[in-house]
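Colleague: quick one: sequence plus predicted model below, questions after.
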Amino acid sequence: MKLAVYGKGGIGKSTTSCNISVALAKRGKKVLQIGCDPKHDSTFTLTGFLIPTIIDTLQQKDYHYEDVWPEDVIYKGYGGVDCVEAGGPPAGAGCGGYVVGETVKLLKELNAFDEYDIILFDVLGDVVCGGFAAPLNYADYCMIVTDNGFDALFAANRIAASVREKARTHPLRLAGLIGNRTSKRDLIDKYIDSVPMPVLEVLPLIEDIRVSRVKGKTLFEMAESDPSLNYVCDYYLNIADQILAMPEGVVPNDTPDRELFALLSDFYLNPVQPVVKKEEDELDLMMV
């Protein structure tokens, strides 16, 4: 099974991806996580350091693919999760999406795709161009990480449009949204009323999730020394169980940008006021 995780930049995709990868490994699956970001920090919380990228390795080998071995590019992370970083060109130069394609090409030549039960692509950013939509060409399911905010849901809608486009020619489905670092879900609910799709999980605003990124550890590794964090791990295990159940998923019908802008803006500009009961109404109910 191949999964692609997308979402607005800075929303917590990599932290979420790493913990989902460990959760899948805890369920007995052999997992490979591929970081598709020139920053090459997707797998940091799994390995505890920035691993060399595929593009770095190819440069060292003078781009002779036949000289590259699996151990040159695949690194073992926490929980037995294997890790790869695609890397990318220097900032402001080249095409990062091209590097993603080259990464997939190399891993196929190494027969790496055949070695795993689950391959998870952790893809950068919220603007999905053709290059960075490339993992959707290989994925069975897409998961979108969002929060309860305007910008993240606007980005999610753009990603949903990409899923719909790719689903025309590939057996791709949207598994659902993952709400991250949010104390409410009212705006998420308003969005999925307009664009029906599953919500796999909503993680509350938990400081330890942010701290785990700084420490370079997954929540599962932190929970080994602090069992009080086991309840956080259960969120990721729940997501893993839903994915392993091979859900039907959806091909989303995204909302046009202007309509979505109006829909989400209206939520803030014209909030629904709570109904205040009058004292007379309560008295009438008591009399009945």
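Modeller: Received, thanks. Because the structure is predicted, anything quoted here is derived from the model rather than measured.
Colleague: pairing partners for residue 141 in the sheet, please.
Modeller: Beta-bridge pairing of residue 141 under DSSP bridges involves residue 3, residue 173.
Colleague: residues contacting it?
Modeller: Applying C-beta atoms under 8 Å, 6 or more residues apart in numbering to residue 141 gives the contacts 1, 2, 3, 4, 172, 173, 174, 175, 243, 247, 249. Where you see a C-beta, it was placed from the backbone N, CA and C, and this is true even at glycine.
Colleague: the first one contacts residue 120, correct?
Modeller: Read it as residue 1. No: here residue 1 does not reach residue 120: they are 9.1 Å apart, not a contact under C-beta atoms under 8 Å.
Colleague: of the two, which one has the most company?
Modeller: Applying other C-beta atoms under 10 Å to residue 1 and residue 120 shows that residue 120 carries more neighbours, namely 26 against 16.
Colleague: from the chain's centroid, how far away is the longest helix seen in the chain?
Modeller: The longest helix of the chain (DSSP state H) is helix 150-166. In terms of C-alpha atoms, centre = their mean, to the nearest Å, the centre of helix 150-166 is found 13 Å from the chain centre.
Colleague: for the stretch 1-150 of the chain, which segments count as strands?
Modeller: 2-7, 31-36, 75-76, 82-85, 118-123, 141-146 (DSSP state E, counting those that start in this stretch).
Colleague: so which helix or strand takes in residue 193?
Modeller: Using DSSP states H and E, residue 193 falls within helix 186-194.
Colleague: please spell out which residues along the helix or strand that comes right after that helix are buried.
Modeller: Under the assignment DSSP H and E, the closest C-terminal helix or strand after helix 186-194 is strand 199-202. Across strand 199-202, burial judged by 16 or more other C-beta atoms under 10 Å covers 200, 201, 202.
Colleague: now stretch 202-217
Modeller: Per 16+ other C-beta under 10 Å, stretch 202-217 contains these buried residues: 202, 203, 206, 209, 212, 213, 216, 217.
Colleague: among those residues, which two are most distant?
Modeller: 202 and 216 (25.4 Å; C-beta to C-beta).
Colleague: thinking residue 106 is in contact with residue 55, fair?
Modeller: No: assessed by C-beta under 8 Å, residue 106 is found out of contact with residue 55, at 9.9 Å.
Colleague: of those two, who's got more company?
Modeller: residue 55 (24 against 21).
Colleague: report the angle between the helix holding residue 193 and strand 141-146.
Modeller: Following axes from the mean of the first three to the mean of the last three C-alpha atoms, to 10 degrees, one obtains 140 degrees for the angle between helix 186-194 and strand 141-146.
Colleague: in strands, which of the buried residues of stretch 202-217 appear?
Modeller: Using DSSP state E, the subset of the buried residues of stretch 202-217 located in strands is residue 202.
Colleague: so, low pLDDT: which residues of the stretch 101-250 of the chain?
Modeller: 125-128 (pLDDT under 70).
Colleague: how about 90 then?
Modeller: 101-114, 124-135, 137-138, 150, 181-184, 210, 214 (pLDDT under 90).
Colleague: a strand runs through residue 176, doesn't it?
Modeller: Yes: counting by DSSP: H, G, I helix; E, B strand; the rest coil, residue 176 falls inside a strand.
Colleague: number of residues surrounding it?
Modeller: 22.
Colleague: ok, it to residue 50 distance?
Modeller: Residue 176 sits 30 Å away from residue 50 when distances are taken as C-beta to C-beta, to the nearest Å.
Colleague: tell me the mean pLDDT over stretch 65-85?
Modeller: Averaging pLDDT along stretch 65-85 yields 92.
Colleague: quick check, residue 77 in contact with residue 33.
Modeller: Yes: with contact defined as C-beta under 8 Å, residue 77 reaches residue 33; the gap is 7.4 Å.
Colleague: okay, those two: which has more neighbours?
Modeller: It is residue 33, of residue 77 and residue 33, that has more neighbours when counted by other C-beta under 10 Å, with 30 against 25.
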